[in-house]
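A.B. asks: Okay, sequence plus prediction incoming.
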Amino acid sequence: MLLLIQYTLIFASVLILVALGGCYSEHSGVINLGLEGIMVMGALGGALAMRYLPISIPGFFYILLVLLFAIIVGVAYSALLAVAAINFKADQTIVGTALNMLGTAAATVIVKAINTARNPHDVSSIIQYIEPKKKFIVKMGAFEFNWFMLITLIVLGCAWFVLYKTKFGLRLMACGEHPQAADSVGINVLKMRWAGVMISGGLGGLGGVCYILAGVSEWRFEYGVAGFGFLALAVMIFGQWKPTKIALAALMFGFFRALSNTYFGFGFLTALNLPSTFYNMMPYIISIIVLALTSKNSKAPKAEGIPYDKGQR
Amino acid sequence: MKKALVLFVILAVALTAFVSCKKESKATAPANQIAMVTDYGDITDQSFNQTTYEACRDYAAAKGLKFTYKKPTGDSTAERVKMIVAAIEEGYNIIVMPGFAFGEAIQEAAPAYPDVKFVALDVSEFDLGGKAPANVYSAVYQEELAGYMAGYAAVKLGYTKLGYLGGMAVPAVIRYGYGFVQGADAAAKELGVKAEVKYTYGNQFFGDADITAAMDTWYKAGTELVFACGGGIYTSAAEAAAKVGGKVIGVDVDQAPIIDGAYGKGITVTSAMKGLYPSTQAALKTICEDNAWETLAGKVANLGLVSKDPDLNYVGIPTGAGTQFSAKFSLDDYKALVADMLDGKIKVDSSIDVAPSKMAKNITVIDLGTIK
């Protein structure tokens, strides 16, 4: 039972962080399909930080530094999307897809180069972080508390507050709904969109490092983040681009994901003899049903995916 | 911006220079040149691709032969054939291919290049369409024997709540697993104890949060030892084991130094090994030094036990520190086991097309399908 809660929370944390990233980007009017790639790069930043930071740094600062590196790398990587999609008005979905393909490949090449430089026979794309990982975990009896659970809660609160209660958030959303109108009252649409994309980069990066720390102590970068970026997009859409609903959707996805891995810890579920694929399917089936019933009043930002053109009305 | 541009140009020039270098060295040399093609894994899979790669690389380096490896861009016969042909056109005349997935690719490529020597590993006659072509040598391993020894040793050493975590359900992985179940079954019968094996596949050759969650569930439910059988999937088993003082069994090579070094001393009880490295090198030696390709060509060798001395066999468990021998199961007990298996007193079923529970008569096998 505790394991189920533990893994539900950690999977949900990853999904919430990344989906919130997507939420900010899309509310500013830029579709960010590149979340998967951004996660990989963020994970790379965090993993490299964990490899090179001296382990003697006290836990709190250590965690902070790792997060910082993940965010910086994520933001820097998402800037590629911002430049191409906002300044050069490129097709956002294509740039996002390119980011995904580039992310895993670039991370693999970088890690391989670093590993090979250290030891010519080591051509792997693996970074190990056994000791650093322990700093992220607090054992509470049988429950393993991961600091990311708290971080996610804080981020979620901030995301909600900023989006709905600050001038910045409301302006950001305006740029995703009707950028020309926003511009007419003096909001710099390009700047707002840049902000949206960079926030998504930072959150995506955080989610990436959270994912690789969720269950293992070494990560092989050629596997990317195993589709979690796309899952987060699904969570975002299912959550109707709203932070609170995203959190609930992420908890549901996380719950079924965790259940599919831990169900044989429950006697009555094992007795049902359902394959784990069944539990893996559940969130998607629920998504399809719910989305089919509610898609009429979809809350997608109206101007997302359309490059901003001042001359248009 | 300017700097970035300059950097880009420099990189571009450097890269094209690199590529053109490769093309120029196309000149055909009469000497043996070894090329390895990977299957859907990579040469860093901590499993058979990596071991094969290392065996070829080390052999080529020692003998001063040219060596390269190619990774198909996709997981299909067409892509694999493309890479084989590419290597041959670059002048490589010995092609080493690990993995049963090469069966069809070999059937296509081998007849077209009769002068090229194809060395396959883990590719059975069945995969080759019934018979090996005249310029193909394949080595398959009796993994079920190594799995049997590991399972037998585990129960003899006092572990009764076992788990089997396979990678993808490919023939070699299945044989390991079924052997493991049979070995545990035999030892439980001898000792008159009750034992259970939880049986699952991760459906991938690496560990992640999902697999770790499943392993956490096992260990918390009382599983004492998990046979982590498939590339890097051991990372999840070891991660979960380290939390609760559980144990693991390694695979393919003696993994005790790797796992214990990273996750804590004493986690690895033993490893079910197969001699991929020595047999690859032996095949290369036969070709390059003994000039005796004809003794291998057209054959599928079934490598298993050849001697009472465990260290000379192609399958087994470590005889040194890699196995936690004790009074309950000593090195001598292991040698006796090997002798009995060699004599045929102990028979191990090598079939892979039945349910795992069919492999045991005395112990409980809980078939949990796949995690993903």
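C.D. replies: Everything's here; your move. Numbers count the residues shown, from 1 in each chain, chains lettered A, B, ... in the order given.
A.B. asks: all strands of chain A, in order?
C.D. replies: A:126-128, A:137-140, A:143-146, A:218-220 (DSSP state E).
A.B. asks: Go ahead and name everything in contact with the third one.
C.D. replies: Here strand A:143-146 makes contact (CB atoms under 8 Å, 6 or more residues apart in numbering or on different chains) with A:2, A:5-6, A:9-10, A:13, A:136-139, A:213-214, B:243. Bear in mind the C-beta positions are built from the backbone N, C-alpha and C, glycine included.
A.B. asks: out of those, which are buried?
C.D. replies: When the contacts of strand A:143-146 are checked for burial by 16 or more other CB atoms under 10 Å in any protein chain shown, the buried set is A:6, A:9-10, A:13, A:136, A:213-214, B:243.
A.B. asks: got a list of what whichever residue of chain A sits closest to chain B touches?
C.D. replies: Per CB to the nearest CB, residue A:215 is where chain A lies closest to chain B, at 2.9 Å. Neighbour list for residue A:215: A:7, A:10, B:207-213, B:236, B:239 [criterion: CB under 8 Å, 6+ apart].
A.B. asks: Which of those residues are buried? Put it as a ChimeraX command.
C.D. replies: Buried residues within these, by 16+ other CB under 10 Å, are selected in ChimeraX with:
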select /A:7,10 /B:207,208,209,210,211,212,213,236,239
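A.B. asks: what's the closest of the contacts of residue A:215 to residue B:75?
C.D. replies: Of all those, residue B:75 sits closest to residue B:208, with 19.5 Å by CB to CB.
A.B. asks: Please enumerate the helices of chain B.
C.D. replies: Along chain B, counting by DSSP state H, helices occupy B:2-24, B:48-63, B:77-89, B:103-109, B:143-156, B:171-191, B:209-220, B:234-244, B:256-263, B:276-288, B:293-296, B:331-343.
A.B. asks: Using a markdown table, please lay out these together with mean pLDDT and distance to chain A.
C.D. replies: Shown next, in a markdown table, are those (pLDDT from 0 to 100; distance: least, CB to the nearest CB, whole Å):
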| stretch | mean pLDDT | distance to chain A |
| --- | --- | --- |
| helix B:2-24 | 56 | 11 |
| helix B:48-63 | 91 | 8 |
| helix B:77-89 | 93 | 17 |
| helix B:103-109 | 92 | 22 |
| helix B:143-156 | 96 | 20 |
| helix B:171-191 | 95 | 17 |
| helix B:209-220 | 94 | 3 |
| helix B:234-244 | 94 | 5 |
| helix B:256-263 | 92 | 6 |
| helix B:276-288 | 91 | 14 |
| helix B:293-296 | 91 | 28 |
| helix B:331-343 | 95 | 31 |
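A.B. asks: Highest mean neighbour count out of those?
C.D. replies: Highest mean neighbour count of the helices of chain B: helix B:143-156, a mean of 29 (counted as mean count of other CB atoms under 10 Å in any protein chain shown).
A.B. asks: Quick check: which helices or strands does it pack against?
C.D. replies: When contacts are defined as 3 or more CB pairs under 8 Å, 6 or more residues apart in numbering or on different chains; DSSP states H and E, helix B:143-156 sits against strand B:161-166, helix B:171-191, strand B:225-229, strand B:268-274, strand B:315-316, helix B:331-343.
A.B. asks: so what strands line up beside the fourth one?
C.D. replies: It refers to strand B:268-274. Neighbouring strands of strand B:268-274 in its sheet, by DSSP bridges, are strand B:247-252 (parallel), strand B:315-316 (antiparallel).
A.B. asks: which ones are touching residue A:70?
C.D. replies: A:42-43, A:45-46, A:49, A:205-206, A:208-209.
A.B. asks: Residue A:128 touches residue A:218, doesn't it?
C.D. replies: Yes: Residue A:128 lies in contact with residue A:218 (CB atoms under 8 Å); the separation is 4.1 Å.
A.B. asks: Now the residue nearest the centre of chain B. Nearest residue, chain neighbours left out?
C.D. replies: Nearest to the mean C-alpha position of chain B, counting by CA atoms, centre = their mean, stands residue B:48 at 3.9 Å. Distances taken as CB to CB, 6 or more residues apart in numbering or on different chains put residue B:98 closest to residue B:48, at 4.9 Å, once the chain neighbours are dropped.
A.B. asks: what's around the nearest residue to residue B:312 once chain neighbours are set aside, how many residues?
C.D. replies: With sequence-adjacent residues excluded and distances taken as CB to CB, 6+ apart, residue B:312 is closest to residue B:306, at 6.3 Å. A total of 11 residues lie near residue B:306 under the criterion other CB atoms under 10 Å in any protein chain shown.
A.B. asks: where's residue B:306 relative to residue B:155, distance?
C.D. replies: 26 Å (CB to CB, to the nearest Å).
A.B. asks: For residue B:290, find the nearest of the strands of chain A.
C.D. replies: Comparing the strands of chain A by CB to CB, strand A:126-128 comes nearest, at 37.3 Å.
A.B. asks: Which pLDDT value belongs to the closest residue to chain A within the stretch 251-372 of chain B?
C.D. replies: At 4.8 Å from chain A, residue B:369 is the closest residue in the stretch 251-372 of chain B, using CB to the nearest CB. Here the pLDDT value assigned to residue B:369 is 86.
A.B. asks: Could I get the contacting residues of it?
C.D. replies: So residue B:369 contacts A:275-277, B:200-201 (CB under 8 Å, 6+ apart).
A.B. asks: Columns neighbour count and distance to residue A:173 on top of those residues, output as CSV?
C.D. replies: Formatted as CSV, the contacts of residue B:369 follow (neighbours: other CB atoms under 10 Å in any protein chain shown; distance: CB to CB, whole Å):
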residue, neighbour count, distance to residue A:173
A:275, 13, 43
A:276, 22, 39
A:277, 14, 39
B:200, 26, 46
B:201, 23, 46
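A.B. asks: so which of these comes closest to residue B:221?
C.D. replies: When the contacts of residue B:369 are compared for distance to residue B:221 (CB to CB), residue B:200 comes out closest, at 13.1 Å.
A.B. asks: For the closest residue to the closest one other than its chain neighbours, grab the count of nearby residues.
C.D. replies: Among residues not flanking residue B:200 along the chain, residue B:368 sits closest, at 4.2 Å (CB to CB, 6+ apart). Residues lying near residue B:368 (other CB under 10 Å) number 22.
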